[in-house]
Every structure is written in C-alpha cells, then in structure tokens.
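S.K.: Give me coordinates for this.
(chains A and B)
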2 protein chains.
Amino acid sequence: MENKTELVIKMVLDAWNIELKRTNTLLNELTDDQLSKEVSPGRNTGVYLLGHLVAVHDALFPLLGLGKKMHPHLEDIFITNPDKSGLPKTSINDLRNLWNEVNSKLSEHFNQFTSEEWFQKHTSVNEEDFKKEPHRNRLNVLISRTNHLSYHRGQLAFLKK
Amino acid sequence: MENKTELVIKMVLDAWNIELKRTNTLLNELTDDQLSKEVSPGRNTGVYLLGHLVAVHDALFPLLGLGKKMHPHLEDIFITNPDKSGLPKTSINDLRNLWNEVNSKLSEHFNQFTSEEWFQKHTSVNEEDFKKEPHRNRLNVLISRTNHLSYHRGQLAFLKK
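M.R.: Numbering: from 1, shown residues only, chains lettered A, B, ... in the order given. Below is the predicted model of the structure:
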C-alpha cells in the first residue's frame, strides 16, 4: 500500500499546484487597476483578496511546523480586519511579489516532505487529540487550503473584462 | 501503509462532504428570488450555477463507472450552453431537489467504495494510459470536483445580502 499512499500525496499536491497555476494565470491577466476594484459591487477588492491569500498561505509555515511567517504584518490587514478597515494596504506590486515568494518557499518544503512527514500533525492540534484524530495532519491542511484558494479564485475571476 | 491510505481517503471524502455542507447551508439561506439573480452584474445567475453544479455532479455517475446520469437533459442547458442561451431553465425548486437527490445518490456509492475501488480508473482514461498515469482514478476526480464546487460557492456567496 506504500505506492497508494505516495500516489495520493501526489494527487493532493497536483491539485494544489494546478489551483496555484490557474490563480497565477488569472493574476497575470489582471492589471493593477483591475485588481484595485471590488470583485463585485460592495464586496472585497481584488487587492484585499490577493493580500488575504498571501497571508493565509504565509500562515502555513507555522501551521505546518516549517518555521515563522515570512510576512507576519499581513495578518492584521488581510485576515483579522476586513477590506474597508482603513488600514493602509500593501501595494499591489508588492503583494504580487510576496505571493510568488511565499508560494515558492512553500513548494520547496512540500517537494522535500517524505510521505511520513505529510502525515505528521499540524501545529494547531496537540499530541493527545492527534492520536484520536490522525486526519489532522499536514496533508489535510493542504487539501483545505486548496479549496480555500478555489473559493476566492472564483471571485477574483469577476475582475476579468 | 494500509491505514494511511484509508486515512487519506477519509480526508478527501471529508473535504467533499464539508464543501457540500457549506454549499447546502448557503443554498438554504438564499431565497428563490435571490437565486434567480446574477451573482455579479453581467455574470451567471444563481440558478444557472446551481444547475451547472447539479449537471456536473450528475456526470460523476458515468465518469466514476456508477451507471448513467440521472438527469442527462441538464448538460445541454447548464454545461454545454451559457446562462443566456435562451434555453428554458429547470425551475429553481426542481433544481434544489435534484441537487439533493444527485448528491445523496453519490454519497451512497462513495460510502460503499472500498479503498481499492477508489483507486480504480475513471472512465475517461483507457487501460493503457491508466497504467502509466495511475493518478487518473476515482479519488482524483473527487478532489477535482471538490475544488470545482468551492470555486462556484465563492461566487454564489455574493447572492447573500
């Protein structure tokens, strides 16, 4: 069954990479001006959603036990507070760079994980609970974040002409 | 490694069920009147997206080798043609029922699949290619359709007040 487990890790990683690729294609199509607009009237702007995605992906480093966030200041602006908080936003150009930087660094880690490491617990669950709930592992976090990315990509798509 | 494979199948199925549950919560919040509106100006209506999701999930029966579609007429209206095709749409009330019916029937199958059956090929790949590309299996289709559902749920969410 070793092969099956390796295979399914590849499937989950492929889904993550496909979703990232689709998002990057979309982001490359969108101008900074388009990204600065609300994705739908009264809803989040593209820049907020991009910042939100960077911040959520950056939070994967501590959650997966890979070290500290690269850009911890993003959490306050793009997760804790809503778009219209009045907090100064990181520039779109900077966010585009941070998005690529964070995802590249994550990929480096993901490509080095052994099968065993993917099934290790994430850092929000304690040892005792993890014994009873072994699905609360790193691979499960990746499944969840892939869906999170799809959700917001569906919204960002409305910025296209 | 048997246990790891069983575990990861549970994780993928859980992700599907969580996404379905969130979508159902959203659909229950939305009135028929809200669903009949465009999710964003000039974009698909809620009813089209709901019909699209029913049709895509209905197509899982043949794709996963589980028999014929329950409602094959939906493909033409909600997949092949766009929202403004002029084709008469299934009523929202009927679509709500078909959505639940199709997903319930899929669940019955999913709950009965053995681990081995999840890793069998889907019907769009031939035996020869499947030998070289064993990731083209039923479980992979489910990962992909979960992301598809997240994508459109992100859009349907804009129908909320």
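S.K.: use CA for all of it now, contacts and neighbours both
M.R.: Fine.
S.K.: Please report phi then psi for the most centrally placed residue in chain A.
M.R.: By Cα atoms, centre = their mean, chain A has its centre lying nearest to A:H57, at 3.2 Å. Main-chain torsions, A:H57, degrees, to the nearest 10: phi -70, psi -40.
S.K.: Kindly report the same for A:K121.
M.R.: Dihedral angles (degrees, to the nearest 10) for A:K121: phi -70, psi 150.
S.K.: try A:L87
M.R.: phi -70, psi 140.
S.K.: Would you mind confirming that it makes contact with A:E75?
M.R.: No. A:L87 is beyond contact range of A:E75, at 11.7 Å (criterion: Cα atoms under 8 Å).
S.K.: Determine the longest helix present in chain A.
M.R.: Using DSSP state H, we find that the single longest helix of chain A is helix A:2-29.
S.K.: Spatially nearest residue to A:G65, not counting backbone neighbours?
M.R.: A:T123 (6.2 Å; Cα to Cα, 6 or more residues apart in numbering or on different chains).
S.K.: if I've got this straight, the one you found is in a helix?
M.R.: No. Using DSSP: H, G, I helix; E, B strand; the rest coil, the secondary structure at A:T123 is coil, not a helix.
S.K.: Tell me the residues of chain A that contact chain B?
M.R.: A:1-2, A:4-5, A:7-8, A:10-12, A:15, A:40-41, A:43, A:119, A:134-135, A:140, A:143-144, A:146-148, A:150-155, A:158 (Cα under 8 Å from any Cα of the partner chain).
S.K.: Just the buried residues out of these, in PyMOL syntax.
M.R.: To isolate the buried members of the residues of chain A next to chain B in PyMOL, using 16 or more other Cα atoms under 10 Å in any protein chain shown:
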select buried, chain A and resi 4+5+7+8+11+12+15+40+119+134+135+140+143+144+146+147+148+150+151+152+153+154+155+158
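S.K.: Tell me which stretches of chain A form helices.
M.R.: For chain A, the helices defined by DSSP H cover A:2-29, A:32-35, A:46-58, A:60-63, A:74-75, A:92-112, A:115-118, A:127-132, A:138-156.
S.K.: Mean neighbour count, the ones you listed: which tops it?
M.R.: helix A:46-58 (a mean of 24; mean count of other Cα atoms under 10 Å in any protein chain shown).
S.K.: Just name whatever secondary elements that one is in contact with.
M.R.: Contact partners of helix A:46-58 among helices and strands, from 3 or more Cα pairs under 8 Å, 6 or more residues apart in numbering or on different chains; DSSP states H and E: helix A:32-35, helix A:74-75, helix A:92-112, helix A:138-156.
S.K.: quick one: low-confidence parts of chain A?
M.R.: Low-confidence segments of chain A (pLDDT under 70): A:1-2.
S.K.: Apply 90 and report the result again.
M.R.: Applying pLDDT under 90 to chain A flags the ranges A:1-3, A:161.
S.K.: thinking again about what came up before, tabulate the helices and strands packed on helix A:46-58 (JSON lines), appending distance to A:L53.
M.R.: JSON lines is the format used below for the helices and strands packed on helix A:46-58 (distance: least, Cα to Cα, whole Å):
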{"stretch": "helix A:32-35", "distance to A:L53": "13"}
{"stretch": "helix A:74-75", "distance to A:L53": "10"}
{"stretch": "helix A:92-112", "distance to A:L53": "8"}
{"stretch": "helix A:138-156", "distance to A:L53": "7"}
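S.K.: Let me know which of the ones you listed is the nearest to B:I92.
M.R.: Nearest to B:I92, of all the helices and strands packed on helix A:46-58, is helix A:138-156, at 22.0 Å by Cα to Cα.
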